[in-house]
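S.K.: using only what follows, build the 3D model:
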Amino acid sequence: MNNSNKIVLFLIKKFLRLITLLVAVCILTFILMEKSPIDPIKAYVGADLSVTQEQRDEISSHWGLDKPPVERFLAWFGSILKGDFGTSMIYRRPVIEVIGEKFIASLALMVVAWTISGILGFVMGIISGINEGKIVDKIIRGYCYILISTPTFWLGILLIMIFSVKLKLFPVALGVPIGVLKSEVTFKSLLKHLTLPALTLSVLGVANICLHTREKVIEIVNSDYVLFAKARGESNKSIIYNHIIRNVALPAITIQFLSFSELFAGTIFAEQVFSYPGLGQATVDAGIKGDLPLLMGIVIISLLFVFVGNLIADILYKIIDPRIKEGNIS
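M.R.: Next up, the predicted model:
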């Protein structure tokens, strides 16, 4: 079997795994929502005490909440297969429309954080690796170990206290200024509201890529071909560029794409702390208010988002790494 056929077979297997995972996650999410103590009707009407029992029954019938759970799940799943994600109970709009709007807001946050954390983690990992055992290495490792054990919400609150409350350099929360129309929001204003949430995510995302890159750098520095390059009289600059960076870049990029799941999870906490109107905040709202159509839609979209990141990472290895090329693709 040639390499192109292996790639096709690999993609088919990945697609089948995706379908299986989607069905399993959807069933699990539905069961958890059914077992939740949250009453979607009560969450829907809120604190309005004037709503009668008859009106509650009408609301329940309108959203199909009066039907058995299995029937509701099959009806929802059938609609999904037709491309209809349903209507959000919170926003009273099509789920796919709400997700599209929220995802764009979150995407800007995730792209900035993902890029900054990748670059910083890669550079810090190389510096730490080539200075193994030295004071710089110890400082960077200590910094990374602290970051790994730091909760996202705690760091977000800390940044608000320092840069928003004390120094008054950035707004406390939200994605745009209060009372300003969307069409009138300037790029500078958007950037100021984006800075602290993105900084929170990027700072926390540095640790994994840094520590992984450091281990790879140490492995390469102690390899035979680097020792031979030193014996041949190559300069440190040449060794770092020609041997270390080139060999470490692919694993670092792969780890970055594999971090999509952690990035999305961190976004949920960051958006809650900063009241940032993105997909993370919509996920929490859907769960708290029992908006099953929206939550199920977000679950599907987020799963696809994470899957694409993992797939890109796998494909990079399959195509670029010669050791993978020579082996079997599974």
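S.K.: alpha carbons only for contacts and neighbour counts from here, please
M.R.: Will do.
S.K.: in stretch 233-248, what counts as buried?
M.R.: Residues 239, 240, 243, 244, 245, 247, 248 are the ones in stretch 233-248 that count as buried (16 or more other CA atoms under 10 Å).
S.K.: sorry, wrong one. I was asking about stretch 69-76.
M.R.: 72, 73, 76.
S.K.: next, the buried residues of stretch 51-65.
M.R.: In stretch 51-65, counting by 16+ other CA under 10 Å, buried: 59, 60, 63.
S.K.: quick revisit: same list (the buried residues of stretch 233-248) but as JSON lines, adding pLDDT and distance to residue 282.
M.R.: Formatted as JSON lines, the buried residues of stretch 233-248 follow (pLDDT from 0 to 100; distance: CA to CA, whole Å):
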{"residue": "239", "pLDDT": "79", "distance to residue 282": "48"}
{"residue": "240", "pLDDT": "80", "distance to residue 282": "45"}
{"residue": "243", "pLDDT": "77", "distance to residue 282": "45"}
{"residue": "244", "pLDDT": "81", "distance to residue 282": "43"}
{"residue": "245", "pLDDT": "81", "distance to residue 282": "40"}
{"residue": "247", "pLDDT": "80", "distance to residue 282": "40"}
{"residue": "248", "pLDDT": "83", "distance to residue 282": "37"}
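S.K.: now, the most widely separated pair of these?
M.R.: Using CA to CA, the buried residues of stretch 233-248 reach their maximum pairwise distance at 239 and 248, which is 12.4 Å.
S.K.: other SSEs contacting the helix or strand that contains residue 285?
M.R.: Of the helices and strands defined by DSSP states H and E, residue 285 is found in helix 279-288. Applying 3 or more CA pairs under 8 Å, 6 or more residues apart in numbering; DSSP states H and E, one finds that helix 279-288 contacts helix 95-130, helix 260-274, helix 292-320.
S.K.: now do the shortest one: everything it contacts.
M.R.: The list of residues contacting helix 260-274 from outside it, by CA atoms under 8 Å, 6 or more residues apart in numbering, reads 106, 110, 114, 152-153, 156-157, 172-174, 197, 200-201, 205, 276-281, 283-284, 302, 305-306, 309-310.
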